[in-house]
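In: Provide a 3D model corresponding to the input given below.
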Amino acid sequence: MEERTDVPEAEIAVHWQEEKYYDPPEKFVAQANLTDEKVYERFGLDNFPGCFNEYADLLDWYRRWDKTLDPGNAPFWRWFVGGRINASYNCVDRHLAKNKNKTAIHFVPELESEATQHITYQELYIRVSEFAALLRDFCGLKAGDRATLHMPMVPELPIAMLACARLGVIHSQVFSGFSGRACADRIVDSGSRVLITMDAYYRTRRRRPTSLPRKRQRRATR
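Out: Sure, this is the predicted structure:
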């Protein structure tokens, strides 16, 4: 017997105007990163832009910035001028010392028959480093180059993004449901040198190929 989960549009519309507010438990509020009620005062216009140094200091910088904001070439404002930082390092490496065995990514697959993946920071570090090495040594990518990602929501997506960030490569993520032509347009517009994609993925319990023809896939991912 097939179970139906379809809900009539009229029934959905009845609930559109409903608005309910649920206050979180005090214990949950207490562990939040932002608990200071004076935050709006601290981040008010009178303290702009220096107030943003407070959160920049929570990250690990290779070199601290010389100037918080340079508005000289509007609208191309420059933030944290002179600073050097790596997003991949801040997302992965700096957590290894204390949390290498803690889970960095929980991935629940589309198919219920497949096991949930729990990727630790140590595993993530290895996979990101390996893929970054492949992009650098095999694809010849370097800082400032561009790569296009045509991938669905799988663990390999953030791994590829972090690998690009590790090398200073600019990545452009194209929605996996877009056609091959739409992806190609974005590759041309961004001046991308490499396309990172996959053969197929599961969505609504069905195995779906990517929008790129297989011959083009092999040529684009060589």
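In: need the contact list for the residue nearest the centre of the chain.
Out: The chain has residue 158 as the residue nearest its centroid, 5.6 Å off, counting by Cα atoms, centre = their mean. Residues in contact with residue 158 (Cβ atoms under 8 Å, 6 or more residues apart in numbering) are residue 105. Placement of C-beta: from N, CA and C, glycine included.
In: That one and residue 131, how far apart?
Out: Residue 158 is 11 Å from residue 131, where distance means Cβ to Cβ, to the nearest Å.
In: Name the helix or strand for the residue nearest to the centre of the chain, please.
Out: If you go by DSSP states H and E, residue 158 is part of helix 156-167.
In: any idea how far that helix is from the chain center?
Out: Remark: helix 156-167 is offset 9 Å from the chain centroid, using Cα atoms, centre = their mean, to the nearest Å.
In: What is the subsequent helix or strand relative to that helix?
Out: strand 170-175.
In: Paired strands for that following strand, with orientation please.
Out: If you go by DSSP bridges, strand 170-175 pairs up with strand 146-151 (parallel).
In: quick check: mean pLDDT across the strand it pairs with?
Out: Strand 146-151 shows a mean pLDDT of 95.
In: the longest helix in this structure is where?
Out: helix 121-137 (DSSP state H).
In: ok, residues contacting it?
Out: Around helix 121-137, the neighbours that count as contacts under Cβ under 8 Å, 6+ apart are 88, 92-93, 95-96, 99-102, 104-105, 119, 141-142, 147, 159-160, 162-164, 166-167, 169, 194.
In: rerun that using 7 Å as the cut-off
Out: 88, 92-93, 95-96, 99-102, 104-105, 141, 159-160, 162-163, 166-167, 169 (Cβ atoms under 7 Å, 6 or more residues apart in numbering).
In: Narrow the residues you listed to those that are buried.
Out: By neighbour count, with 16 or more other Cβ atoms under 10 Å, the contacts of helix 121-137 hold 88, 92-93, 95, 104, 141, 159-160, 162-163, 166-167, 169 as buried.
In: Nearest to residue 183, out of the residues you listed: which one, please.
Out: For the buried ones among the contacts of helix 121-137, the minimum distance to residue 183 (Cβ to Cβ) is 14.8 Å, reached by residue 160.
In: Now name the helix or strand holding the nearest residue to that closest one once chain neighbours are set aside.
Out: With Cβ to Cβ, 6 or more residues apart in numbering as the criterion, residue 160 has its nearest non-adjacent residue at 5.2 Å, and that residue is residue 196. Taking DSSP H and E as the definition, residue 196 sits inside strand 194-197.
In: Kindly report the domain assignment for the chain.
Out: 22-84, 86-222 (automatic domain parsing).
In: To residue 8, which of the ones you listed lies closest?
Out: Set against residue 8 and scored by Cβ to Cβ, the domains of the chain come closest in domain 86-222, at 20.2 Å.
In: how far is the closest one from where the chain is centred?
Out: 9 Å.
In: Number the chain from 361, please
Out: All set: I'll call the first residue 361, so the last point we hit is now domain 446-582.
In: before we move on, the earlier item: state the distance from the residue nearest to residue 520 to residue 402.
Out: 41 Å.
In: So which of those two has more stuff around it?
Out: Neighbours were tallied for residue 556 and for residue 402 using other Cβ atoms under 10 Å; the higher tally belongs to residue 556 (23 against 11).
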